[in-house]
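Novice: fold the following for me, if possible:
(chains A, B and C)
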Amino acid sequence: MNNTNETKLLEIKDLHVSFFTPAGEVKAVGGISYDLGYGEVMGIVGESGSGKSVEAYSIMGLLQSPGEIIGGSISFEGEDILAYDKNQMIDFRGNKVSMIFQNPMTCLNPVYTVGNQLVEALRAHNKEISIKDANQKAMEMLELVGINNVEKRMKQYPHEFSGGMRQRVMIAMGLICSPKLLIADEPTTALDVTIQAQILELMKNLQKKTGMGIIFITHNLGVVAEICDKVSVMYAGKIVEQGGVDDLFYKPAHPYTLGLLRSMPRVDAEEYERLIPIEGTPVDMLNPPDGCPFAPRCEKCMQICLKKMPPYVDLGNGHCSACWLRVKDNIKNEEAQNNG
Amino acid sequence: MADRIKRIKFGSFQPNIENLLELTPEDFESASEEQKEGFIQDRKSTSYWQDAWRRLRQNTVAMVALGVIFLLILFAFVGPTLVPYGYEQFVKGSENLYPWHYSLEDQALIDAASGDVDQRLSAALEAAEKEKGSELTAIEKAQIKAKVKTEKFDVAEFKEEHNIHLKLFGYSKSELMRIEAGEKVFPHVFGTDGFGRDIMVRLMIGTRVSMLIGIFAALLVLLIGATYGSISGFMGGKVDTVMMRIVELIYSIPEMLVVLLISTALKTPLVNFQNTGNGFLQTMVGILGPNVISMFIAFGLMYWVTMARIIRGQILQIKEQEFVTAAKALGASSGRIIKKHLLPNCVGQIVVTTCLQIPSAIFLESFLSYLGVGVSAPMTSLGSMASDALGGVQTYGFRLVVPAVILSIMILSFNLFGDGLRDALDPRLKK
Amino acid sequence: MRKTANETGSEDMAKYSLRRLGMALVTLLVVASLTFLLMNSIPGGPWQSEKPLSASVIAALNEKYGLDKPVIVQLGKYLEHAVTGDLGVSFKMQKNRAVVDIILEMFPMSASIGFFALLWAILVGVPLGCIAAYKRGTWIDSLLRIVCTIGVSMPSFVIASLLLTTFAGSNEALRFFPTIFKASLGVKAYILPCFALGLYPMCYTARQARSSMLDSLGQDYIRTARAKGLKNWKIIFKHALRNALIPVITYLGPEIAYVLCGGFVVETVFSVPGLGRYFILSIQNRDYPVIMGTTIFLAAFIIIMNFLVDVLYNVVDPRIKLSGGGK
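Specialist: Predicted coordinates for the structure are as follows:
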């Protein structure tokens, strides 16, 4: 963890989120913590069901029943947002923090024009602005995200835009109130690879321009490498490894991260190298067993892994991992030091 | 080991720190495959039907509705065996009974009091004289006499005074006397109609008729609709398009009008047919009545379209799914695909839609019977009973209310149960 | 019948409307022919319930009404006349009065009752459905659902009869409304019939509106709206409602049909001098020209209304507005 004294943009401490379904309590997020400084880009990586979207929704206050935040704290610029009432939350959303979602095809209301929806986003938080100025600002945003013919486009309906363009509109809508933090929930997953690259490029440029922080949620490590400064790897509702992007890629400290890296197809791989997938299936969140949730899929699983949850081990420079192997390493080092 | 653990930094609160103090070297041995496999307790896998049944059982409303349906079935089919009156039986002397009665003694009291005009007259004359203080003139006497004659005997007050209460169930005077004599007489729970027919038995028969018509109509619709829909869906292409155009056409015809039309048109031919002989068909026509037959014909012609559409939709959906392509790729024949893959997935929809067609059919039948173009006398249905009761509704209101309520409860129960079935079989649709 | 946005997006609006119109006309033709053929299949002719007439009289009547020619010719002639507005004359109930005149006299009454019934059904049903959707899971939602399920399960004659008994019946205290309908009594006379007729459509509409609203509220664009920080009422009224109302229009068609046909019973119960009641009487009296004419007229009305609703739906949904534009 960074140990500076300045106020972080976002601080999440030990967040617990559960869904109280008829079948029982699903512990979607079981105690995660991370910080984000101003202008930093954090990547959150995990499979479906790892809880990455849930924690993003918790930040935005978009969690709907039967989901509930049952523990922990989230503070934004030093303020505890879990204590916000409804009105404060409405003020907060779209204004201080914006979110863009995975499927741009369905995220815009089909019966209103794009211009209407953009202006609406702006005037929700800036009530004094005139319609003319609002339209002007909306058009500026559309240009910013790389859309041509803005005057014409403003009057068009969402179904007249392609997928990539709709995502650009979503980004424009997210940025129109100049938020300090943008949460992007798998924004490129539903798009073609070439469009993906364009959108990523766009986001990188915008981030540099505005200096806003980004939380980038994805299951694609390639994207993470492109755009993120820090990464948190999530599995079964917990962060299993966290650290700077270089540390993660070159010195992965958790078998899951290692597995993810190995299962990525690489352009520079030898012809005969096989992809090594991670065996097994994700754990049932309804009855999470004791011990490390990754244990049954881990090739280095030890006895202790089946019995107890591993603690976080600090590996320096903000890099940490929750794995008994690291504890084992630590103990070995200690013994070596003592003997040496 | 304690000091080493202190040096390990924790990024987040770990619940069982204390237990770490007990780590031993064995804990760091590798775990075997079996151990890993035993780690996760699989959730008991249930089949689709078990899941659906469980969901259905948990749905209180649907279960209550099912219970009510069961009770209605008992009422309609077992009931008449318990009641000694026939639905066509004219019970002499028991005409127009209400579902309540007064005991013989009470009736006698009322009769005595209300019938004695002279007694009241003298009492009234006395009271008037006292008030006036002097003798009444002939005119005043006449006035009082007229007043007493036309004055309504205040039954309610009298009943209050003498603590006369209504007793449940309807009995005629003669029946009450038989009870006094020691005979066991089955009560007319809901009273009797103008001909002395026990209404409860007629209700039971009426419920039976309504229910049977509903079920058979729904089955008819199922047969035609499912066949048509599955052929259309499975064949696809031009055949499907043509078949669906026909469906659209039929769908846009106002069904009610056609039903009425067919009923009217077929009435005479059916009656003629009935008179041609004593074969099975002729007797069937005789029992059901030409109107009901027409209703079935109309139903068969018009109402299958919804079922056809739904089944076709289901088939199309399933056809596109990958497991069908997989089956084809494995070399399965069309027949096998239909039997093993398409139909089982449709069964849910088929059951739900059929179940929901039953109340529609009952609805329609009652509607038609009410208009007089439904079941014909002496066969009775809930709708025709309500219709008959309309004329005397001012005095015999219950004759309308009771069949109407039973009818509504029946339709409601089928609707609720059908809804519950739908929710259970496809929880994704649950809203 | 409902085509998705994708299917019609590529079809020109005009072409689609024309196709639906053609369909409507074909349906009408089928109904008219069916009606005519059915009525003509009745053996014994329309004179059967009269006193037995001599053969020569029957022959004369047949000739007068053109019943002695082959059926196809009769059908052709009938349709020819129908198109020009001549639906024959009443045989029995109002001897020799043109059926068209009868219809035109009676229909406005039925139409007005039907219109008001439908009006209250929609004006009350839609908001109720939306409230139930918004308050999903609470007691308000459960209550509305129970009421609407019961309402949908009660045939209109049940409600009509119950209302008649209670509010226009023997109990003097509750007799707020007249037993027999008289237009001259104004609003009071309309209330019971319109309420009875409109109850089923109201409950049906409320259920559909609820379902549609829930669907709309569950869409991704609502999530986007929330993420933008819009106020709750704005999300519901501006975003969710507009989308939810569109499917509700599709139910207008069948509801119009119901209101006209359900009117038969309500008119009978409340003695409203409308076309529905007259239709039932004509069935009971076997006045064939009236039966045919009324059937065709009502069918035509319903079919045309369905067509108009169809067109309306396509106009309102902007996904279909432009013919294959943009994408």
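Novice: contacts and neighbour counts: CA atoms only from here.
Specialist: OK.
Novice: how about B:A389, what does it touch?
Specialist: B:Y396, B:G397, B:R399, B:L400 (CA atoms under 8 Å, 6 or more residues apart in numbering or on different chains).
Novice: stretch C:229-238 close to chain A?
Specialist: Yes - using CA under 8 Å from any CA of the partner chain, stretch C:229-238 reaches chain A at C:G229, C:L230, C:K231.
Novice: buried ones in that stretch?
Specialist: Buried positions in stretch C:229-238, judged by neighbour count with 16 or more other CA atoms under 10 Å in any protein chain shown: C:G229, C:L230, C:I235, C:I236.
Novice: do the same with stretch A:181-200
Specialist: Neighbour-count burial for stretch A:181-200 flags A:181-188, A:190-191, A:195-196, A:198-200 (criterion: 16+ other CA under 10 Å).
Novice: mean confidence for that stretch?
Specialist: The pLDDT scores in stretch A:181-200 average 87.
Novice: quick one: terminal-to-terminal distance for it?
Specialist: 16 Å (CA to CA, to the nearest Å).
Novice: check the offset of that stretch from the chain's centre.
Specialist: Computed by CA atoms, centre = their mean, to the nearest Å, the chain-centroid distance of stretch A:181-200 equals 12 Å.
Novice: residues in contact with it?
Specialist: For stretch A:181-200, the surrounding residues in contact (CA under 8 Å, 6+ apart) are A:9, A:53, A:56, A:96-104, A:163-164, A:167-168, A:174-175, A:212-219, A:223, A:226-227.
Novice: repeat that for stretch C:237-249.
Specialist: A:109, A:111, C:130, C:205, C:208-209, C:212-213, C:215-217, C:222, C:225, C:309, C:313, C:316-317.
Novice: 10 Å instead, please
Specialist: With contacts defined as CA atoms under 10 Å, 6 or more residues apart in numbering or on different chains, stretch C:237-249 is touched by A:109-112, C:2, C:122, C:126-127, C:130, C:205-206, C:208-219, C:221-222, C:225, C:232-236, C:309-310, C:312-314, C:316-317.
Novice: in PyMOL, how would I select just the buried ones from the contacts of stretch A:181-200?
Specialist: Remark: buried members of the contacts of stretch A:181-200, expressed as a PyMOL selection using 16+ other CA under 10 Å:
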select buried, chain A and resi 9+53+56+96+97+98+99+100+101+102+103+104+163+164+167+168+174+175+212+213+214+215+216+217+218+219+223+227
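Novice: just the ones in helices from the contacts of stretch A:181-200, please.
Specialist: Counting by DSSP state H, these place A:S53, A:A56, A:G163, A:G164, A:Q167, A:R168, A:G174, A:L175, A:V223, A:E226, A:I227 in helices.
Novice: my guess is C:L28 meets C:N306, correct?
Specialist: No - counting by CA atoms under 10 Å, C:L28 does not reach C:N306; the two are 11.9 Å apart.
Novice: so what sits against both of these two?
Specialist: Common neighbours of C:L28 and C:N306 (CA under 10 Å, 6+ apart) are B:S252, C:A300.
Novice: mind listing what's buried in the helix or strand that B:Q50 is a member of?
Specialist: Taking DSSP states H and E as the definition, B:Q50 sits inside helix B:48-58. Across helix B:48-58, burial judged by 16+ other CA under 10 Å covers B:A52, B:R55, B:L56.
Novice: my guess is B:S174 meets B:G93, correct?
Specialist: Yes - with contacts counted by CA under 10 Å, B:S174 reaches B:G93, the gap being 7.1 Å.
Novice: okay, now the closest residue to chain B within chain A: neighbour count?
Specialist: Nearest residue of chain A to chain B, counting by CA to the nearest CA: A:M302, 4.0 Å away. Per other CA atoms under 10 Å in any protein chain shown, the neighbour tally for A:M302 reads 21.
Novice: after the helix holding B:Q50 comes which helix or strand?
Specialist: Criterion used, DSSP H and E; the element after helix B:48-58 is helix B:60-73.
Novice: from the contact counts, what lies against that next one?
Specialist: Secondary-structure packing of helix B:60-73 (3 or more CA pairs under 10 Å, 6 or more residues apart in numbering or on different chains; DSSP states H and E): helix B:48-58, helix B:199-235, helix B:398-425.
Novice: one more time with 6 Å, if that's ok
Specialist: helix B:398-425 (3 or more CA pairs under 6 Å, 6 or more residues apart in numbering or on different chains; DSSP states H and E).
Novice: now the helix it packs on: mean pLDDT?
Specialist: When pLDDT is averaged over helix B:398-425, the result is 85.
Novice: that one and chain C in contact?
Specialist: Yes - Helix B:398-425 comes into contact with chain C (CA under 6 Å from any CA of the partner chain), by way of B:A404, B:S408, B:I411, B:L412.
Novice: where exactly do the strands run in the chain?
Specialist: Answering for chain A, as no chain was given. Using DSSP state E, the strands of chain A run over residues A:10-21, A:24-36, A:41-45, A:67-76, A:79-80, A:97-100, A:181-185, A:213-218, A:230-235, A:238-244, A:312-314, A:320-322.
Novice: wrong one, chain B
Specialist: Here chain B has its strands, by DSSP E, at B:100-101, B:167-168.
Novice: just those: most buried one?
Specialist: strand B:100-101 (a mean of 19; mean count of other CA atoms under 10 Å in any protein chain shown).
Novice: and B:T306, how close does it get to C:V248?
Specialist: Distance of B:T306 to C:V248, computed by CA to CA: 19 Å.
Novice: what of C:A225?
Specialist: Separation of C:A225 from C:V248 (CA to CA): 23 Å.
Novice: the two: who's more crowded?
Specialist: A direct count of neighbours by other CA under 10 Å for C:A225 and C:V248 places C:A225 higher, at 25 against 20.
Novice: now the more buried one: which helix or strand?
Specialist: Assigned by DSSP H and E, C:A225 falls within helix C:220-227.
Novice: the nearest residue to A:A121 once chain neighbours are set aside: how many residues sit nearby?
Specialist: Once flanking residues are discounted, A:A121 sits nearest to C:K228: 5.8 Å by CA to CA, 6 or more residues apart in numbering or on different chains. If you count neighbours by other CA under 10 Å, C:K228 ends up with 30.
Novice: in this structure C:K228 contacts A:G94, no?
Specialist: Yes - between C:K228 and A:G94 a contact is recorded at 4.2 Å, counting by CA atoms under 6 Å.
Novice: how close does the closest residue to A:G115 other than its chain neighbours get to A:N116?
Specialist: Residue nearest to A:G115 in three dimensions, not counting chain neighbours: A:M154, with 4.2 Å by CA to CA, 6+ apart. If you measure A:M154 against A:N116 using CA to CA, the figure is 8 Å.
Novice: quick one: A:K13 and chain C, what's the gap?
Specialist: Distance of A:K13 to chain C, given as CA to the nearest CA, to the nearest Å: 23 Å.
Novice: any residue of the helix or strand where C:L197 lies touching chain B?
Specialist: Using DSSP H and E, C:L197 sits within helix C:187-217. No - using CA under 6 Å from any CA, helix C:187-217 never reaches chain B; the gap is at least 6.7 Å.
Novice: related to what we said a few turns ago, check whether the helix holding C:A225 comes near chain A.
Specialist: Yes - Helix C:220-227 is in contact with chain A by CA under 6 Å from any CA, via C:D220, C:Y221, C:A227.
Novice: could you dump those to a markdown table with neighbour count?
Specialist: Output for these, formatted as a markdown table (neighbours: other CA atoms under 10 Å in any protein chain shown):
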| residue | neighbour count |
| --- | --- |
| C:D220 | 19 |
| C:Y221 | 21 |
| C:A227 | 25 |
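Novice: how many neighbouring residues does A:L82 have?
Specialist: 18.
Novice: tell me who's in contact with the residue nearest to B:V189 when sequence neighbours are not counted.
Specialist: Spatial nearest neighbour of B:V189, excluding adjacent residues (CA to CA, 6+ apart): B:F169 at 4.6 Å. For B:F169, the contacting residues are B:P99, B:W100, B:P187, B:H188, B:V189, by CA atoms under 6 Å, 6 or more residues apart in numbering or on different chains.
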